[in-house]
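Chemist: Any chance you could fold what I've pasted below:
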Amino acid sequence: LDTMRRDNTDYSNDSDGEEALPAPTTKIRLYLHCINLARSIIGQQPRSQCRVSLDPTVPFKLETEIVNKSSNPTYTTSFQFDYEYGSQLDIYVDVYASKGKELKKIGRECFDVQKILSTLTNTKAKPLPNLGGTIYAHIEQQFSTNHDCLSLQLRAKSLVLTNSAMRNSLASKTTLGVLGKPSTRFELSRLSSLDSSRWIVFYRSA
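Modeler: Numbers count the residues shown, from 1 in each chain. Got it, this is the predicted structure:
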């Protein structure tokens, strides 16, 4: 008969909690454009430029090209950043436009990357306080083919409302007490790499 071997592995810490996995990161690329920038007194369309930084307390070193004679400039220069899913990342954008012969700052706007990625078009717009106009920030995620990709397909069946008061309220408002189909959504979360007791939502369905 084969002799059974004792497993000496220590499992004492397995039930204490889950070990936090490295935070998933991606590369994002920022694109900028403006609309309805004010013309000069004589009706000339402005020259303009955007300057970008993650820290508003230091000089902005990232710059778009200068677009001449356009009230609706689209800047071809884009900017790449590393982004950790679910984290707070603010991008500060200074907009400069011609006032006479010089470019002068007409506004500063702060864009929250997480809020931009939560929109259907990955785009946010903010009005400029001086000289009018609106600035748009668009973000695209840079996917790499060198990394494995996990695909998930989710399906739910026979969903019920666990809140009895809400269930009774909905039943009283429907014909013959028959409940309609529930409105649902799902979230994907991960353990924080800094706090193993905290979950960070990194995806929310529409």
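
Chemist: in which helix or strand would I find Ile116?
Modeler: helix 113-117 (DSSP states H and E).

Chemist: Now tell me what touches that helix from outside.
Modeler: 28, 81, 83, 86-91, 122-124, 137-139, 141 (C-beta atoms under 8 Å, 6 or more residues apart in numbering). All C-beta atoms are positioned from the backbone trio N, CA, C, and that covers glycine.

Chemist: and if we set it to 10 Å?
Modeler: Outside of helix 113-117, the residues within contact range by C-beta atoms under 10 Å, 6 or more residues apart in numbering are 26, 28, 30, 81, 83-91, 122-124, 137-141, 201-203.

Chemist: Could I have the buried ones of those residues as ChimeraX selection syntax?
Modeler: Buried residues within the contacts of helix 113-117, by 16 or more other C-beta atoms under 10 Å, are selected in ChimeraX with:
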select :28,30,81,83,84,85,86,89,91,122,124,137,138,139,202
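
Chemist: I'd like the list of the contacts of helix 113-117 that fall within strands, please.
Modeler: Among the contacts of helix 113-117, DSSP state E puts 26, 28, 30, 81, 83-84, 90-91, 123-124, 137-141, 201-203 in strands.

Chemist: okay, and the helix or strand of the protein with the least pLDDT?
Modeler: In the chain, the helix or strand scored least confidently by mean pLDDT, DSSP states H and E is helix 164-173, which has a mean of 57.
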